[in-house]
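A.B. asks: with the input below, show me the fold.
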Amino acid sequence: MRRLRQGIGPAHALVGLLLLAGLALRLWHNDYGLPYVYNVDEGSHFTSRAVAMFSGDFNPGYFQNPSGYTYLVHVFLWLRGFGDVVEQFKQDPTEIYQAARSLAAVICIAGGAAVFAVAKRVWGVREGVVAAAILTFAFLPVTYSRIAVTDVGTLLPVALAVYGALRAHETGERRWFCLAGAAAGLAIGFKYTAGLVLLPVLLAAALRLRGGAAAALAGAALAIGCAVVAFFVTTPWFFFDLDTARRQIEAQATTAGDFPKLGQRQDSGLVYYLESLTWGLGWAGALAALAGLAIEARRDLRRAALLAVFPLALVAYLSLQSRYFGRWLLPAYPVLAMLGAVALVRASELVTRPRAAMAVLATLTAAVLAQPLAADVRTGRLLGRSDTRQLAREYLVERFPPRLRVVVEPAVPARWYRLNRPGRKAPLSRKQFVRGFVKDIQESRIDYAATLRPGTIERYRELGFCVVATMSVIRGRAENDRVEGALAYYERLERESELLTAFSPYEQGGGTPRFHFDLSYNHYPTAFERPGPLVRIYRLDDCRQRYGPLPRGAGTPAS
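C.D. replies: Numbering: from 1, shown residues only. Okay, the predicted model is just below:
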């Protein structure tokens, strides 16, 4: 205990407080939206598959993302001691999703702790504290640890992989090659693209070739072997069901590489990702990371190369894809946070008086954290307010009887359509709303706006779909890419219908931000005062409203 007390100094206590504050920030209102899960990946890929494993089959059957996070969610739910998890998930998944989101928050905070430990050993205590603060409160890591998705799981292993590579370069010892490889394998177990974090350790081996080619090559082989073993631990069915995994990954790679998302065709990948750093990490944090890299290059060009190779390779690879999301760059954030800390500490050291230098460092750190922390608090507060899609649902439930035929654009989950009677279990087949024109599947979510034509409105009338709810996250895609058929559809809809009501997520009197594949969903713009898209509900003129399922043979006119 005496040694433990000696090891825990003021810096450790400060980091502990920072991490606890970061965890509280992530858990604040983390029941938002439930039982409806509006994030497509959160609702489809991880928690639902972790729940399905309680039926006894541990093959997730899904390999477009690795299964490390899915298995962790499964174990966490088992430890939480839920009763019949499968049945509870069917009826009301609120507590299950809260648990999964809480796990994501803890995993992200563990990444902050890892960054502190690594930066402390590579540079010093002050760099460790500042790096942990930057990563803990950066907006993008906070956002994606409020959602039960896999991305933040890469933060801890990436930090360890980079540390192992640095030490392997310095010492050539095999244990560091093994650490770097194993950590890289764990990172791949959360996100395939994090596999690029093998580049630093391979570069470390290459830099040691002159000192002994055999030892360097053996170290590289050891790193790769450890990576494979670690990846196997996180995603074993990738190997057991290799044919399915290969087909899914090839399909995912083809989709991401060859098919731009509607509403994003005019974007440049490099510009998109560089711009994402200005809000995901913050302007000051991004500039500090760049300055930190320059400082490291002056100190030791080889070490700077080891630190830079992974973020640069990741940006380059992602920029070559045909669709872009800020969270895909998250694996690089631990390195960026450490480089930013190097710059801030170096700037404070220009002041020779120790106390003054500490005050300068605290001021600089606060300045770097000001932008992301303000966004963290602002978005955390608004998540406590009802989503516009929930308000729209309540409006429709109050004014129309069950089994209403209604066109709702695909920005809501399938559960949103179910009959919901508080305190009573309704059969899962019973519907509050009937959807015959919009199929809530992944491809329709991507391309739905491209299927819209003015003539579709006449089909609404023929089949009694007189109520139409539009969503700005769908219409905005068509507006961004100037899809003529969709724009003509919306013009006719407005011309031949009455606007019953609208539910806006924006402050009254404020502007309406242009649709953006990140900012329209993470609510970063200050215009947002509640979560969700702008929802408009129309009632078509000269239309007889009908109820109940469509007759056989009616088809899906929106196709």
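A.B. asks: buried ones in stretch 309-324?
C.D. replies: Going by neighbour count (16 or more other Cβ atoms under 10 Å), the buried part of stretch 309-324 is 309-315, 318, 321-324. (Each C-beta comes from the backbone N, C-alpha and C, glycine too.)
A.B. asks: got any ranges where the stretch 351-500 of the chain has weak pLDDT?
C.D. replies: 421-429, 438-446 (pLDDT under 70).
A.B. asks: ranges for the strands of it?
C.D. replies: Using DSSP state E, counting those that start in this stretch, the strands of the stretch 351-500 of the chain run over 404-408, 433-434, 467-471, 497-503.
A.B. asks: now mean neighbour count too, for the ones you listed, in a markdown table please.
C.D. replies: What follows is the strands of the stretch 351-500 of the chain, written out as a markdown table (neighbours: other Cβ atoms under 10 Å):
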| stretch | mean neighbour count |
| --- | --- |
| strand 404-408 | 23 |
| strand 433-434 | 22 |
| strand 467-471 | 22 |
| strand 497-503 | 15 |
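A.B. asks: and of those, who's closest to L103?
C.D. replies: Distances from L103 to each of the strands of the stretch 351-500 of the chain were compared using Cβ to Cβ; the shortest belongs to strand 467-471, at 29.5 Å.
A.B. asks: other SSEs contacting the closest one?
C.D. replies: helix 388-399, strand 404-408, helix 484-495, strand 535-540 (3 or more Cβ pairs under 8 Å, 6 or more residues apart in numbering; DSSP states H and E).
A.B. asks: redo the ones you listed as JSON lines? Include distance to M338.
C.D. replies: Rendered in JSON lines, the data for those read as follows (distance: least, Cβ to Cβ, whole Å):
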{"stretch": "helix 388-399", "distance to M338": "39"}
{"stretch": "strand 404-408", "distance to M338": "45"}
{"stretch": "helix 484-495", "distance to M338": "45"}
{"stretch": "strand 535-540", "distance to M338": "42"}
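A.B. asks: hey, which of the ones you listed is tucked in deepest?
C.D. replies: Each of the helices and strands packed on strand 467-471 was assessed for mean neighbour count using mean count of other Cβ atoms under 10 Å. The highest is strand 404-408, with a mean of 23.
A.B. asks: contacting residues around that strand?
C.D. replies: Residues from elsewhere that reach strand 404-408, judged by Cβ atoms under 8 Å, 6 or more residues apart in numbering: 396, 400, 416-417, 432-438, 460, 463-469, 471, 545-548, 550.
A.B. asks: in the stretch 251-400 of the chain, which spans are helices?
C.D. replies: When assigned using DSSP state H, counting those that start in this stretch, the helices of the stretch 251-400 of the chain occupy the ranges 269-277, 283-299, 301-319, 333-348, 354-382, 388-399.
A.B. asks: reformat these as JSON lines; add distance to V149.
C.D. replies: Compiled in JSON lines, the helices of the stretch 251-400 of the chain are given as follows (distance: least, Cβ to Cβ, whole Å):
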{"stretch": "helix 269-277", "distance to V149": "17"}
{"stretch": "helix 283-299", "distance to V149": "22"}
{"stretch": "helix 301-319", "distance to V149": "17"}
{"stretch": "helix 333-348", "distance to V149": "15"}
{"stretch": "helix 354-382", "distance to V149": "16"}
{"stretch": "helix 388-399", "distance to V149": "19"}
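A.B. asks: among the ones you listed, which is nearest L196?
C.D. replies: Using Cβ to Cβ as the criterion, the shortest distance between L196 and those is 4.8 Å, found for helix 301-319.
A.B. asks: and that closest one, what's its mean pLDDT?
C.D. replies: Mean per-residue pLDDT for helix 301-319: 96.
A.B. asks: what helices or strands is that helix leaning on?
C.D. replies: The elements that helix 301-319 packs onto, with contact taken as 3+ Cβ pairs under 8 Å, 6+ apart, are helix 155-171, helix 198-207, helix 269-277, helix 283-299, helix 333-348.
A.B. asks: give me the angle between that helix and helix 283-299.
C.D. replies: Per axes from the mean of the first three to the mean of the last three Cα atoms, to 10 degrees, the angle that helix 301-319 makes with helix 283-299 is 140 degrees.
A.B. asks: tell me the angle helix 301-319 makes with helix 333-348.
C.D. replies: Put simply, helix 301-319 runs at 140 degrees to helix 333-348, going by the same axes, to 10 degrees.
A.B. asks: show residues contacting helix 301-319.
C.D. replies: By Cβ under 8 Å, 6+ apart, the surrounding residues in contact with helix 301-319 are 158, 162, 165-166, 169, 193, 196-197, 199-200, 203-204, 207, 268-270, 272-274, 293, 296-297, 324, 328-329, 331-332, 335-336, 338-339.
A.B. asks: ok, of these, which come out buried?
C.D. replies: 158, 162, 165-166, 169, 193, 196-197, 199-200, 203-204, 207, 269, 272-273, 293, 296, 324, 328-329, 331-332, 335-336, 338-339.
A.B. asks: nearest spatial neighbour of V233, skipping sequence neighbours?
C.D. replies: Distances taken as Cβ to Cβ, 6 or more residues apart in numbering put G189 closest to V233, at 7.2 Å, once the chain neighbours are dropped.
A.B. asks: got a list of what that neighbour touches?
C.D. replies: For G189, the set of contacting residues under the criterion of Cβ under 8 Å, 6+ apart consists of 66-68, 153, 230-231, 233-235.
A.B. asks: my read: I147 touches G43, true?
C.D. replies: No - applying Cβ atoms under 8 Å, one finds I147 not in contact with G43, separated by 10.0 Å.
A.B. asks: looking at these two, which is more packed in?
C.D. replies: In terms of neighbours (other Cβ atoms under 10 Å), I147 is the more surrounded of I147 and G43; the figures are 26 against 19.
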